[in-house]
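Visitor: Any chance you can model this:
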Amino acid sequence: NIDNDCSGRETDCNDNIDNNCDSKIDCADSTCNGDAVCSPCCSATASTANFGNVDAGQTSLPQSINDPTIAISQITITPSESVTGASISVDSEPTNPETTQLPTTTKAYQYLIITPTNIGSLSSAEMKFPVTKKWISDNGLTKDNIKLYRFSGSWQPLTITGRDDTTDTTNVKFTATTTG
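Guide: Predicted structure coming up:
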C-alpha cells in the first residue's frame, strides 16, 4: 500500500517513493530538508584543500579536509598541466543539487559541491571518505554497496580503490578515484 496524497510533505523521507507527487523522491524533495535521514552527518558548510603548486603529472601531497560535517576527509590531485595556487573547495548540500536524480535504489549519504580553483584539468584525483557503520547498517547496505558518484551530465559511480573497516570502530573508510 503506497500512500501518495499528492499534496503537502513527503510522508516518508526514506522510502524511495514520491509521496507528494512532485517528481522529487525523499531527500531530493525540499519538504524533507531537516529530516535526520537526509542529513545524517552534515550541515551546509564549506572547507578547502590547498595544494599550492603541483607540476604536471606529479601527485600532490594529500590535503586533509578537517571538517567533520564534510564527508570527504582527504584529497590528492595529479594535474594534467602544472598548477599554481591550486585548491579545491568542498561544500555539503542538504539535497541533490542537480535536476537529474540518482538511480532509485541509491541512498545518498551526503551531497557535495566540489569546486576546483586554479586547476585546469586533472589526470586523476583521489578522495578518502568515511561512512558511519551505523548509517550503512540502518540503510540495509554493506561496505561493498557504497559508491561515490560524480555528476557530469548524469550521475556516474567512481572507482572505489580502497575499503577499510578494521582501523575505526565507527566508520568504514573508503578511497575513490576520478579523472578529469
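Visitor: Please count neighbours and contacts with C-alpha atoms only from this point.
Guide: Fine.
Visitor: Buried ones in stretch 142-151, by neighbour count?
Guide: Within stretch 142-151, the residues that count as buried by 16 or more other C-alpha atoms under 10 Å are 143, 146, 147, 148, 149.
Visitor: I'd like to know which of the residues you listed is nearest to residue 77.
Guide: residue 148 (16.6 Å; C-alpha to C-alpha).
Visitor: Look up how far residue 53 lies from the closest one.
Guide: 27 Å (C-alpha to C-alpha, to the nearest Å).
Visitor: need the contact list for residue 61.
Guide: Residue 61 makes contacts with 51, 76, as judged by C-alpha atoms under 8 Å, 6 or more residues apart in numbering.
Visitor: Where does pLDDT dip in the chain?
Guide: 1-8, 14, 33-45 (pLDDT under 70).
Visitor: could you pull out the strands for it?
Guide: Assigned by DSSP state E, the strands in the chain fall at 46-54, 63-64, 74-79, 83-93, 111-117, 122-132, 149-151, 155-157, 159-164, 171-178.
Visitor: ok, the fourth one: who's next to it in the sheet?
Guide: So that's strand 83-93. Applying DSSP bridges, strand 83-93 is found paired with strand 46-54 (antiparallel), strand 111-117 (antiparallel).
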